[in-house]
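> Here you go, sequence then predicted model.
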Amino acid sequence: MRKSVGLAFLITLITHTLFAQDEGNIVKRERIAKNQGIFVSLGPSFTLGKNIGDYSTGLNIEAGYLKRLNRILSIGPSISYVGFNYDPAKTKAKTAADLYTGVADDINDWHETYDGGGLPSNQQFNYGYLLNLKGGNVSLLSLAANIKLNVIPVTDHSRISVYGFIKPFVSLAKRNAVSGKGERYVYEAYVDPDDNKLYYNQGDQVWYPDGYTDTWGPSSTYPALKSKSKVSGGLFVGPGVEINPAKGFSFFGQAAFGYTFPISYVSTESYPKKVASYTNKEFPIVEKGFPSINIQVGASYNF
C-alpha cells in the first residue's frame, strides 16, 4: 500500500514537473518576437488652467526608444521639443477694456481713483489700456524616461493595444525676450510717441501727463523682460492606443497631460488691472508651474 502511494506521488510529481517545463516553453514562445522599437511623434500642444500664459496652440515633437521587458511593460528614453508662441490677440483680449469709470478733481487724484480709492466728484472719464507686445515665446527641450503599461498583454498577433504611460522628464526651458509698449490707451488717454509718457484728457480737450517718468519696456530697468533659460522638470501621464503593436511598423495616438515645474512666461492675466501692475518691473512675466496637454500621433519601427 505504501509503495503504491509512493509510486502515485512520484508519477504526479514527474507529471507536474514536465507540465511546468512545457508551460515555460509555451510562455517563452508567446513572448513578442519584435521587442524593441524606435518611435517618432508630433502634434498640437495646449496650455491648461487659469492664467497660464498668453499663448496660442503650440507644437510638440518627440523621438525615442522602447524596450519590451514582457507583454505588459516597456521602458526607454526619449527626447522632445515643445514650443508655444506668444499670441498678442490673447493679451489684447485681456487688457483692452474699461478698467474703471471714475471721477477725479485733477490728474493727481486719478491714480487713487484707478486703484479703487476715494471718488471725488468733479470730472468723469473712462480709461483702460491696450498692450502691444512681441517676443515671449516659450520652448522646452526635454529628456524623458518612458514607462509604458499595456492594459491587455500584447502578443505577436495583437492588432490593437490600449496602454497608459508615465514620463518623468528633465527640461531646458527658455522664454524669449519681451518687447513692446502701451500701443494706445483706449477712451480718454494716449501715449505720446516722443516721450513715451501717458496723457489724459479730462474732458476739457487738454492732455495732461500722468506724472510717471519710468516708462515701461525692455530696458535695463526691467530685467524681467529679458530672455531667460532655466533647467526644470516635470511629469507627463496619459492614455494611448497602438495599432499592430508587434509588427514591423506600428502606429499610435496618445494624449499626454503634463505639469512642468516653475518656468518663466508671459501671463498678463496674472496681474490685476491696475496702475501698480503696469509699472511693476516684473509685468507681464510670471514664474510659475506650467500645465499643458500634448496630443500626439506617431509611428514606431519595431525589431
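Noted; the coordinates are in hand.
> what sits against the residue lying closest to Ile32 once chain neighbours are set aside?
The shortest distance from Ile32 to any non-neighbouring residue, by Cβ to Cβ, 6 or more residues apart in numbering, is to Ala246 (4.9 Å). Quick note: C-beta positions are derived from backbone N, CA and C, even for glycine. Residues in contact with Ala246 (Cβ atoms under 8 Å, 6 or more residues apart in numbering) are 32-34, 154-158, 302.
> hmm, 6 Å instead?
Going by Cβ atoms under 6 Å, 6 or more residues apart in numbering, Ala246 touches 32, 34, 154, 156, 158.
> ok, now Gly136?
By Cβ under 6 Å, 6+ apart, the contact list for Gly136 reads 86, 176, 178, 266.
> Now pLDDT, distance to Phe165 and secondary structure too, for those residues, in TSV please.
As requested, the contacts of Gly136 are exported to TSV (pLDDT from 0 to 100; distance: Cβ to Cβ, whole Å; DSSP: H, G, I helix; E, B strand; the rest coil):
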residue	pLDDT	distance to Phe165	secondary structure
Tyr86	93	30	strand
Asn176	94	31	coil
Val178	86	35	strand
Val266	92	30	strand
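> among those residues, who's most crowded?
Highest neighbour count within the contacts of Gly136, by other Cβ atoms under 10 Å: Val266, with 27 neighbours.
> Phi first, then psi, for Lys90.
With angles defined as degrees, to the nearest 10, Lys90 shows backbone torsions of phi -70, psi -40.
> err, Val82, not the other one
Here is the backbone geometry of Val82 (degrees, to the nearest 10): phi -130, psi 130.
> how close does it get to Val266?
Distance, Val82 to Val266, using Cβ to Cβ, to the nearest Å: 16 Å.
> In this structure Ser142 contacts Ser78, no?
No. Ser142 is not in contact with Ser78 according to Cβ atoms under 6 Å; the separation is 8.4 Å.
> more neighbours, these two?
Applying other Cβ under 10 Å to Ser142 and Ser78 shows that Ser142 carries more neighbours, namely 23 against 19.
> tell me the pLDDT at the more buried one?
Per-residue pLDDT puts Ser142 at 98.
> how many other residues sit next to the residue lying closest to it once chain neighbours are set aside?
Leaving aside its sequence neighbours, Ser142 sits nearest to Ser171 (Cβ to Cβ, 6+ apart; 4.0 Å). Neighbourhood size, Ser171 [other Cβ under 10 Å]: 24.
> Please name the bridge partners of Ser171.
Taking DSSP bridges as the rule, Ser171 bridges to Ser142, Ser232.
> all strands for the stretch 1-150 of the chain, in order.
Along the stretch 1-150 of the chain, counting by DSSP state E, counting those that start in this stretch, strands occupy 36-47, 58-68, 73-84, 100-104, 123-127, 130-135, 138-150.
> pretty sure Asn35 contacts Arg68?
Yes. Applying Cβ under 6 Å, one finds Asn35 in contact with Arg68, separated by 4.0 Å.
> Comparing the two, which residue is more hemmed in?
Applying other Cβ under 10 Å to Asn35 and Arg68 shows that Arg68 carries more neighbours, namely 22 against 17.
> can you pull the contacts of the more buried one?
Arg68 touches 32, 35, 74, counting by Cβ under 6 Å, 6+ apart.
> any weak-confidence spans in the stretch 101-250 of the chain?
Scanning the stretch 101-250 of the chain for pLDDT under 70 picks out the ranges 101-132, 181-222.
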